[in-house]
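Participant: sequence unavailable; structure follows:
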């Protein structure tokens, strides 16, 4: 009977320091790539969530404008510019923290919405500043604006002026 244990054990001494360093470097590179992609997708998710919330508010405002144009309804849309637009939604976003009078960043918290009673605007405090490449500050501010189209001379007299609302991003003067 031939015994080969001594020749096999001499070759199995384990990994060398160089092999360990190469493996650690490869794992480090893979982790850094993974984290970079994770941060990218977190930013994209935040961007899409804000876009979706803004789209929901715009849809709710359009529904109120159409409702006001129905026969026998009050056509005054000025209340829309004074009211919290989130009150028009069936369900407020889960990251809505409420109404404040001139809120600070600490009142809002990163990644949250609030309504500023002072200037009647919705504010979103960015969680990830790199999500919005064109953002000048960490705050995004949106307001409901009323507009009236000029009266056309082609319309018969007594025809009401066309009015509507827009939900627009405005520049935040406090930043």
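Facilitator: That came in fine, so what should we check first? If you're wondering where the values come from, they're calculated on a predicted model, not measured in any experiment. Numbering: from 1, shown residues only.
Participant: could you list the low-pLDDT ranges of this protein?
Facilitator: Flagging of the chain using pLDDT under 70 yields the residue ranges 1-12, 128-137, 148-162, 172-175.
Participant: helices or strands up against the longest helix along the chain?
Facilitator: In the chain, with assignment by DSSP state H, the single longest helix is helix 17-68. When contacts are defined as 3 or more Cβ pairs under 8 Å, 6 or more residues apart in numbering; DSSP states H and E, helix 17-68 packs onto helix 78-82, strand 121-125, strand 139-148, strand 163-170. From N, CA and C alone the C-beta is placed, and that goes for glycine too.
Participant: may I have the phi/psi pair for residue 103?
Facilitator: phi -70, psi 150 (degrees, to the nearest 10).
Participant: from residue 42, how far out is the most centrally placed residue in the chain?
Facilitator: Residue closest to the average C-alpha location in the chain (Cα atoms, centre = their mean): residue 50, at 2.3 Å. Per Cβ to Cβ, to the nearest Å, residue 50 is found 13 Å from residue 42.
Participant: repeat for residue 85
Facilitator: To residue 42, residue 85 is 26 Å away according to Cβ to Cβ.
Participant: higher neighbour count, the two?
Facilitator: residue 85 (25 against 14; other Cβ atoms under 10 Å).
Participant: quick one, what contacts that one?
Facilitator: 57, 60, 61, 115, 122, 142, 144, 167 (Cβ atoms under 8 Å, 6 or more residues apart in numbering).
Participant: pick the one among the residues you listed closest to residue 79.
Facilitator: residue 144 (9.9 Å; Cβ to Cβ).
Participant: who's in contact with the closest residue to that closest one other than its chain neighbours?
Facilitator: Nearest residue to residue 144 in three dimensions, chain neighbours excluded: residue 81, at 4.9 Å (Cβ to Cβ, 6 or more residues apart in numbering). Contact partners of residue 81, counting by Cβ under 8 Å, 6+ apart, are 120, 143, 144, 145, 146, 165.
Participant: returning to that earlier point: can you redo the contacts of residue 85 as a markdown table with neighbour count and distance to residue 29?
Facilitator: Output for these, formatted as a markdown table (neighbours: other Cβ atoms under 10 Å; distance: Cβ to Cβ, whole Å):
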| residue | neighbour count | distance to residue 29 |
| --- | --- | --- |
| 57 | 19 | 43 |
| 60 | 17 | 47 |
| 61 | 19 | 49 |
| 115 | 20 | 45 |
| 122 | 22 | 42 |
| 142 | 20 | 41 |
| 144 | 24 | 49 |
| 167 | 20 | 45 |
